[in-house]
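Participant: no FASTA, just this:
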């Protein structure tokens, strides 16, 4: 019996912000997006796990790129505010599931500025939110799924993860959870209905 549904954030509850962030950083720093992306890859694991601060991220990246550090103390948050585009239908689905009595969670590989931004939004439909930057582990590592299950108070077969990344869905299945690879809101609703979860088709509401 399914008791908990866990949503990924970027790519599921909102449009993937990666390109928007890169474009914003590129304009501010005067560096091509491709060069920024290449530099970020070496810092991404530590930043997403909360092992380095945003200040340390920009110090390392700007040194690698040969540019001055940004004046904005949280360029990451500024870029996120600029590019954030929530998917209203998916937030409405999360709210509906909560009203139906399911425990609703969020599991995201996110950086500290992104986590702070999320909490500022006051999303009331999530019973538990687990962020990689606060836990020191990220998807698809086994421990982060275990943390989410522990906080939600459910066993692996009682939980479903909705994620747009196949490797993260596979990670959930490795620990015994169910997983739905995100394609569209309607596809997710059909997949949830296959678990005998009641779904309101076509209904939308603001977060």
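Facilitator: Done, it's in. Computed from a predicted model, the values in this text were never measured in an experiment.

Participant: can you map out the strands along the protein?
Facilitator: Taking DSSP state E, the strands of the chain run over residues 4-7, 103-108, 128-131, 159-163, 178-181.

Participant: Strand partners (parallel or antiparallel) of the fourth one?
Facilitator: Which is strand 159-163. strand 4-7 (parallel), strand 178-181 (parallel) (DSSP bridges).

Participant: out of the ones you listed, nearest to residue 128?
Facilitator: Residue 128 sits nearest to strand 4-7 of all these, at 8.4 Å, using C-beta to C-beta. To be clear about C-beta, it is placed using only N, CA and C from the backbone, and glycine gets the same treatment.

Participant: can you list contacts of the closest one?
Facilitator: Here strand 4-7 makes contact (C-beta atoms under 8 Å, 6 or more residues apart in numbering) with 13, 90, 94, 97, 102-107, 126, 148, 152, 154, 158-162, 177, 192, 197.

Participant: now swap in stretch 136-154 and tell me
Facilitator: Where contact means C-beta under 8 Å, 6+ apart, the residues beyond stretch 136-154 that reach it are 3-4, 6, 45, 48-51, 103, 105, 107, 109, 127-128, 130, 132, 135, 155-156, 159, 161, 163, 165, 167-168, 170-172, 174-175, 177.

Participant: which of those count as buried?
Facilitator: 4, 6, 48-50, 103, 105, 107, 109, 128, 130, 132, 135, 159, 161, 163, 165, 168, 171-172, 175, 177 (16 or more other C-beta atoms under 10 Å).

Participant: okay if I get the strands paired with strand 159-163 as a markdown table plus mean pLDDT?
Facilitator: A markdown table is the format used below for the strands paired with strand 159-163 (pLDDT from 0 to 100):
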| stretch | mean pLDDT |
| --- | --- |
| strand 4-7 | 99 |
| strand 178-181 | 99 |
